[in-house]
Every structure is written in C-alpha cells, then in structure tokens.
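J.: below: sequence and its predicted model.
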Amino acid sequence: MSPNNRENEKSLSELLWEYDPNGLIVVDPDINIKLVNPSFCEMFAIDRKKITGTPASQILGDVSNFQKSWNENRVIRIREKEYPHRQLWVKKVIFPIPEQKIVACIMVDITAEMQQRQEMVNFKSETVKKVNEVVDNQMKVAQEIAGLLGETTAETKVSLLKIIEMVEHS
C-alpha cells in the first residue's frame, strides 16, 4: 500500500467517524474518554473538546460494562439502555482493542423505536380499559332491565292471583 493510499484510507476512516449516525466513544483502560464522534456529542449534548480525558462515568453513569469488556477481553452487547436525563435509549456494542489499549463502544439510538413501543403499550392498555368499561356498562344495564322485568313479573303474578281468587270465590 502506497503512502498516498494510506492517507486516503485515513481520510476515509475519519470521514466515516465524523458522519456515522451512531454514537461512537473510545475510552482508555481507566475508562477515561479518548475520542467521541459528533453523533455521540449530539446524543449527550456535550462539547467534544471539553470531555476528552474526563471519566466516561460523568457522561454515561455506570461504566461497569466498559471495565468488564476490558478486563475480560470480550465483546458486550446491550440491547436496551436508557439515559433518562437525555430521554435517550440506545443499543450498545462494547469491545476492547488490546493492542491499542482502548475500549470502543458503538451506540445506536433506538429512542424512536422505544417511544413507539411505549405508545403501543399505552394504546393496548387504554383499549383494554375502554372494553372493560363497555362490558361493565352493558352488565349494569342488563341487571337493571332484569330487575325491572322481575318486578313487573311479580306485580303481574300478584294481580293475576288476586283475579283468580276473586273468580273462584264469586
């Protein structure tokens, strides 16, 4: 590979880093931030220049999975992680790169998906509640009708028994 190709390749990787819609963060073995991409900064509303070298826990809270990935030299996949202070949900892949003494993490923003899921849960819950209300109202009306019908039937029976009694004694 010629130096010119390496330069182009480096530019390409830098461009990919800059324009990747996923949040990317690289930390050292002490879990201090070494690099973040613009999407990460946007996700957490931070300034890239101000956070380099700071503990990742200041931004992410619990960073035990980063430490675990480094200590155990393995990839950790997290399906759903909420950052309530940012109203953000992400899917994460954390992996160590021992030869460079770093741990990298790719964060995929799944906030819209989680909001849709929550809306569906709310919709189902509201639908079940409405159906139960309709059934309860129908049962109440049926019981009132049955009560009125029973009352009328009893009154009719009493009246007819009186007529029979009058007819038999006359």
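T.: Okay, I see it. Numbers count the residues shown, from 1 in each chain.
J.: buried ones in stretch 109-118?
T.: For stretch 109-118, the neighbour count (16 or more other CB atoms under 10 Å) marks 109, 110, 114 as buried. Heads up, the C-betas are built off the backbone N, CA and C, glycines and all.
J.: any idea how far that stretch is from the middle of the chain?
T.: Offset of stretch 109-118 from its chain centre (CA atoms, centre = their mean, to the nearest Å): 5 Å.
J.: please save the CA atoms from it in CSV.
T.: C-alpha atoms of stretch 109-118 as CSV (Å, rounded to 0.1, in the frame of the first residue of the first chain):
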residue,chain,number,x,y,z
ASP,A,109,-30.1,5.5,19.0
ILE,A,110,-33.3,3.5,19.5
THR,A,111,-35.3,6.2,21.2
ALA,A,112,-37.9,6.4,18.4
GLU,A,113,-38.4,2.6,18.5
MET,A,114,-38.8,2.7,22.3
GLN,A,115,-41.3,5.5,22.1
GLN,A,116,-43.3,3.6,19.5
ARG,A,117,-43.2,0.6,21.7
GLN,A,118,-44.4,2.6,24.7
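J.: any idea of the mean pLDDT for it?
T.: In this model, stretch 109-118 has a mean pLDDT of 96.
J.: what's next to it, contact-wise?
T.: With contact meaning CB atoms under 8 Å, 6 or more residues apart in numbering, stretch 109-118 is reached by 21, 22, 23, 43, 80, 82, 87, 88, 89, 90, 91.
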